[in-house]
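Engineer: coords below, sequence missing:
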């Protein structure tokens, strides 16, 4: 296992993401404790030192399971434990302390090694600042309840720049994979963090598993130059970045642990062939895209409240990842509470403000035609 030197501590370059444990009875809240404990223990025994959980994972049962696991196996001092403040649940200052104490109790620990403000966009971040979040996290550090403070991010680059410059963060967490180099913070955000000396944790390196099962054309290119699996080649991309502290993976089988451990233990430097592959793969995926929506949400709120980015994401995913049936089912679920694209009144407000100058009206019509079949 390769390690990142973080303030003298050895952080494994592969981290265990605790939001995709095996479950029972197709119930996300019922973690298969026996199998999940086995897999977690295997990873730790093979050198993994970073475990990442959060308040909402597995319907608020992930922290509880992780706490039980660490206590029962006497492993708390063998790993670095990270969890996250569910900012959307904070309505007043007292909620900071109430939620944090609940998390410590669930995790059966008296301190956290890493604590993040969870899922920040610019609106949520400014709300947290107004409620005094910096006083709160400073107090946690002063009392030794938390060693390192960071944030996980889901917004555009400009928001990332404002947030990362607003506080003396110890680390940050962003979504990054070889396909989404310009999405959200992207590589530009990574470079800013590196310039500021702030280590980065990577989430969604395999894009929720999608890059582990790429289209046949991409598999054919891979077969020409590498023995790595699609998942390993996806993980290698962020592992090759020297300011990445750890890359999170939601492993739920012994095979996945072994596969991911192997790539996290190998030389992270990219060959010319690998660099060329990432570029070709992006081109192939780009050609399969139906509309170049970046989910910036400038088009929202829609005059008739259509969730334009969500509709376009389902449409794109159907073609990008060969998920036609999955996307159609997702669209069917969306229509239970969401507004049908057929309700578009063609006012043009969205098209006038779209940074990508997309033909949104036409796109909604075509997306609806495909997804509603």
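Structural biologist: All right, it came through fine. Small disclaimer: the values here were computed from a predicted structure and weren't measured.

Engineer: next structured bit after the helix or strand hosting residue 159?
Structural biologist: Using DSSP states H and E, residue 159 sits within helix 157-164. For helix 157-164, the following helix or strand on the C-terminal side (DSSP H and E) is strand 172-175.

Engineer: Could you give the separation of the longest helix anywhere in the chain from the chain centroid?
Structural biologist: For the chain, the longest helix by residue count, based on DSSP state H, is helix 272-288. How far helix 272-288 lies from its chain's middle: 21 Å, per Cα atoms, centre = their mean, to the nearest Å.

Engineer: Does anything pack onto that helix? Which helices or strands?
Structural biologist: Packing partners of helix 272-288 (3 or more Cβ pairs under 8 Å, 6 or more residues apart in numbering; DSSP states H and E): helix 216-223, helix 230-239, helix 308-320. Every residue, glycine included, has its C-beta placed from N, CA and C.

Engineer: Skip the chain neighbours and tell me the closest residue to residue 137.
Structural biologist: residue 149 (4.7 Å; Cβ to Cβ, 6 or more residues apart in numbering).

Engineer: One more: residue 295?
Structural biologist: residue 309 (4.3 Å).

Engineer: Contact partners for that neighbour?
Structural biologist: Applying Cβ atoms under 8 Å, 6 or more residues apart in numbering to residue 309 gives the contacts 293, 295-297, 299-300.

Engineer: Mind doing that once more with 7 Å?
Structural biologist: Counting by Cβ atoms under 7 Å, 6 or more residues apart in numbering, residue 309 touches 293, 295, 297.

Engineer: From residue 217, how far off is it?
Structural biologist: Residue 309 is 27 Å from residue 217, where distance means Cβ to Cβ, to the nearest Å.

Engineer: Equivalent analysis for residue 141, please.
Structural biologist: 49 Å.

Engineer: Need the distance between the two termini of stretch 314-327.
Structural biologist: 5 Å (Cα to Cα, to the nearest Å).

Engineer: What lies in contact with that stretch?
Structural biologist: Counting by Cβ under 7 Å, 6+ apart, 210, 215, 285, 288-291, 330-331, 367, 370-371 sit against stretch 314-327.

Engineer: ok, of those, which come out buried?
Structural biologist: Buried positions within the contacts of stretch 314-327, assessed by neighbour count (16 or more other Cβ atoms under 10 Å), are 210, 285, 290-291, 330-331, 367, 370-371.

Engineer: Most neighbours among the contacts of residue 309, please name it.
Structural biologist: Among the contacts of residue 309, residue 293 has the most neighbours (other Cβ atoms under 10 Å), with 23 neighbours.

Engineer: Tell me, how many residues neighbour the nearest residue to that one once chain neighbours are set aside?
Structural biologist: Nearest residue to residue 293, sequence neighbours excluded (Cβ to Cβ, 6+ apart): residue 312, at 4.1 Å. Residue 312: 24 surrounding residues under other Cβ under 10 Å.

Engineer: Residue 312 touches residue 292, doesn't it?
Structural biologist: No. Counting by Cβ atoms under 7 Å, residue 312 sits too far from residue 292 to count as a contact (9.2 Å).

Engineer: buried sites along the stretch of helix or strand residue 126 belongs to?
Structural biologist: If you go by DSSP H and E, residue 126 is part of helix 122-130. Buried positions in helix 122-130, judged by neighbour count with 16+ other Cβ under 10 Å: 124-125, 128.

Engineer: Out of the residues you listed, the closest to residue 115 would be?
Structural biologist: residue 128 (13.2 Å; Cβ to Cβ).

Engineer: which non-adjacent residue is nearest that closest one?
Structural biologist: Using Cβ to Cβ, 6+ apart, the closest residue to residue 128 is residue 87 (5.4 Å).
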